[in-house]
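J.: Build the 3D model from these lines:
(2 chains)
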There are 2 protein chains.
Amino acid sequence: MPLYPAEFTLYTFRMDAEIIAVGSELLTPFHQDTNSLFLTDQLNQIGIEVRLKTIVGDDRARLANVLSEALGRSGLIVLTGGLGPTEDDISREVASEVLERPLTENAEARRRLMERFARTGRPMPENNLRQALVPEGAELLENRNGTAPGLWIEKDAAIVILLPGPPRELEPMFAAECIPRLKRISTGAVIRTRVFKIASLPESEVDRRIAPIYKKFENPSTTLLATPGGIEVHLRARAPSEAEAEKLLAAAGDPIENLLGDHIFSTRGESIEKVVGMYLMMKQKTLATAESCTGGLLSERLTRVPGSSDFFAGGAVCYSNELKTQFAGVPAALIEAEGAVSKPVARALAEGIRKRTGASIGVGITGIAGPSGGSAEKPLGLVYIALADERGTEVREFRFPGDRARVRWLASQSALEMTRRRLSG
Amino acid sequence: MPLYPAEFTLYTFRMDAEIIAVGSELLTPFHQDTNSLFLTDQLNQIGIEVRLKTIVGDDRARLANVLSEALGRSGLIVLTGGLGPTEDDISREVASEVLERPLTENAEARRRLMERFARTGRPMPENNLRQALVPEGAELLENRNGTAPGLWIEKDAAIVILLPGPPRELEPMFAAECIPRLKRISTGAVIRTRVFKIASLPESEVDRRIAPIYKKFENPSTTLLATPGGIEVHLRARAPSEAEAEKLLAAAGDPIENLLGDHIFSTRGESIEKVVGMYLMMKQKTLATAESCTGGLLSERLTRVPGSSDFFAGGAVCYSNELKTQFAGVPAALIEAEGAVSKPVARALAEGIRKRTGASIGVGITGIAGPSGGSAEKPLGLVYIALADERGTEVREFRFPGDRARVRWLASQSALEMTRRRLSG
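T.: Take a look at the predicted model:
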């Protein structure tokens, strides 16, 4: 029987969601539930707000308690994790008990499971058959990236969705199988966001510039967020229709965009490496890298972008002085005279790799990422970045705060921002 | 069977904790509660387990509901956030209501507040006085980095702690003010963990092998975890002393370690790149990489390890055929004849980069990470990895599942595992 008869849609049904993440590892100091961020984003886009999140261990009694509570207060309950093949994986069984829907083996689920194992050529361990057990009346949600099907269960006025824990299984399943169904029964209210990403201004400076504007608006709400990639300004508008939400976003967002101008590298959520890649392709240019302290991070980030072979010529990770000479043609005498971490060596790396590879742009990075190797004269965090193209070479000196990982990240980030500005300017 | 020997239970007061994070921003896709990781670590060290975490918005009714529930099941409840000076900051008032302890202005809290503002020279906004309101019978917890004092409230058998949300206020407050008090009333029990990391067996296979052992033990408890780096087996023991906890860990952990044998790459939490680095340094060897589809990810991972300049010679990211020839000496005719993604080219990359750099070991990777570039004969996910050292060259063919990011990650992971096995064997 359909849960929502046609006439029901005459009234609006405001659906609040709560998320229950299941897994003892999520109650240790080492692991965190991150699936709920993805789920919240997806739900917000179709106008559903998340009101509560609970993280519970592999503990039947507590999960049963939490799920019962949730059924009493929320229209939509999303459980993540605990659908694996082992005894520890309790979500299926607890949901069956609390919802009073006995588990039975589902022929379709069993067939898909057997097929999946047959395809990979591995024998199926007996315990995997647990994943074919399904609470009565549940619908299966297809898992394209794993063995555990998701489950969609309707009970009285509530919808309970069980999703597998691994993000690569959960994300496509939720987007493809759940969002379309939820859209049909949701109110039609929407939440729309606009995100400005900035790589080259500190958070306090961004706030100082734009606070006079965003403080005038309650809808959209504005959040500033410091991420490893820079500062993000998130605007969030809620309205009965997409057009109205976009109008609200424009009222606050357009003046903010004007104020921040060229400091914004992305308005659609793209990463800075993607933006650099788009510029390179648009201008039919190529780029090559010669990295010392970043150890390949810059080339790794550039090649994350699908199709990067069209704009990325290649790179050298020249950790030793010898390889700086061999791969990027940096004169040994120059390294001897100036030191490996110096402006002239950064310049020679950029110009050398450009020449060696025939790329339009060469980027060179040399610095001290730590934890050792610093001195009074050349402290930890000192990094030189050079960019060479047909118009000449720019070399900049940076002093990055933080540990090895952070210095390396900020160096790659600054190299990408220098490249973006050169290409956009 | 009792978890603890009889005589132990005579004196123990088993305290379970739950954490409630308060703040509407924690229910958006952009922010996450991270305080609970710090709190869990601190609590575990004095033997207290965290059994549940809840994230709730600035919503009086829901927070009251969650806090009442918590009082019914946990001995220790830690609330974080919601102690600020605005109307949105509801933790103080909700705790007062639920615990039935009326709020009164605390003279000491008021004095500290006035002093703090006097010191900074800023005038105190009227609403800041809300931060001097304290539930009857509560003890103040000093805040050295902010205006909101924390609160320690005892009610029947439970302890409720209210902490400010910003980590730089919460962390020193909890460590200095709460941990010593909790230690005095906690059991003196400790929690110790052992972690086995495995790169080369699927989760179901690990489970099949070790389930017969870990199922015999309730203490330590065992959790299997699939991470991007492979499978982790977490053992967690709880005992009155460190020595006893270690003994419990050994009883279950030693046979598990034996069963998994050489598949375990780490028993102390190290990453596989760190383990490879340690082997290389121990054997005084160096490594060089020639990467195509991984785009620098392998060299980036190796150079995450502090001190990697001692064992990492350098690397080439040869995305184009020309650079495979130029940097790693792969004959152009070989690429022409076999294709860039082929066993012979992987071999030539590994042997060539080894020769060029003079490293003891050369690793070559070539494959199709997607999303495009696949064919029936050479599908997406096909990757060849070669390892060359003085004993010869090994080339392996892999077919990795998943998207571009996952194929690249698995390729780098497999290259590290091949290297580890060569070095340990």
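J.: what's the spacing between the residue lying closest to residue A:373 once chain neighbours are set aside and chain B?
T.: Spatial nearest neighbour of residue A:373, excluding adjacent residues (C-beta to C-beta, 6 or more residues apart in numbering or on different chains): residue A:380 at 7.4 Å. Using the backbone N, CA and C atoms, a C-beta is placed for each residue, glycine as well. Note on residue A:380: its distance to chain B, by C-beta to the nearest C-beta, to the nearest Å, is 11 Å.
J.: Residue A:395 looks like it's in a strand, true?
T.: Yes - counting by DSSP: H, G, I helix; E, B strand; the rest coil, residue A:395 falls inside a strand.
J.: residues contacting the nearest residue to it once chain neighbours are set aside?
T.: Spatial nearest neighbour of residue A:395, chain neighbours left out: residue A:386 (4.4 Å); criterion: C-beta to C-beta, 6+ apart. Applying C-beta atoms under 8 Å, 6 or more residues apart in numbering or on different chains to residue A:386 gives the contacts A:343, A:346-347, A:349-351, A:362-365, A:393-396.
J.: Get me the contact residues on the stretch 51-200 of chain A for chain B.
T.: Within the stretch 51-200 of chain A, the residues that sit near chain B (C-beta under 8 Å from any C-beta of the partner chain) are A:51-59, A:62, A:65-66, A:69, A:73, A:84-88, A:122, A:125, A:127-128, A:145, A:166, A:168.
J.: From the residues you listed, list the buried ones, please.
T.: Among those, those classed as buried by 16 or more other C-beta atoms under 10 Å in any protein chain shown are A:51-59, A:62, A:65-66, A:69, A:84-86, A:88, A:125, A:127-128, A:145, A:166, A:168.
J.: and the residues you listed, which of them are in helices?
T.: Counting by DSSP state H, those place A:62, A:65, A:66, A:69, A:168 in helices.
J.: okay but the fourth one is in contact with residue B:69, surely?
T.: Yes - taking C-beta atoms under 8 Å as the definition, residue A:69 is a contact partner of residue B:69 at 6.5 Å.
J.: Okay, now the sheet partners of whatever helix or strand residue A:316 lives in, with direction.
T.: Secondary structure assigned from DSSP states H and E places residue A:316 in strand A:312-317. Its sheet considered, strand A:312-317 pairs with strand A:287-291 (parallel), strand B:312-317 (antiparallel) by DSSP bridges.
J.: following that strand, which helix or strand comes up?
T.: Following strand A:312-317 in sequence, per DSSP H and E, is helix A:321-328.
J.: That next one near chain B anywhere?
T.: Yes - applying C-beta under 8 Å from any C-beta, one finds helix A:321-328 in contact with chain B at A:322, A:323, A:326, A:327.
J.: Just the buried residues of those residues.
T.: Here, 16+ other C-beta under 10 Å leaves A:323, A:326, A:327 buried among those.
J.: quick one: the helices in the stretch 1-150 of chain A?
T.: A:35-45, A:60-71, A:91-98, A:107-120 (DSSP state H, counting those that start in this stretch).
J.: So which elements touch the first one?
T.: For helix A:35-45, the packing partners by 3 or more C-beta pairs under 8 Å, 6 or more residues apart in numbering or on different chains; DSSP states H and E come out as strand A:16-22, strand A:49-56, strand A:76-80, helix A:167-173, strand A:190-198.
J.: Can you tell me which of these is packed in deepest?
T.: Stretch with highest mean neighbour count among the helices and strands packed on helix A:35-45: strand A:76-80 (a mean of 27; mean count of other C-beta atoms under 10 Å in any protein chain shown).
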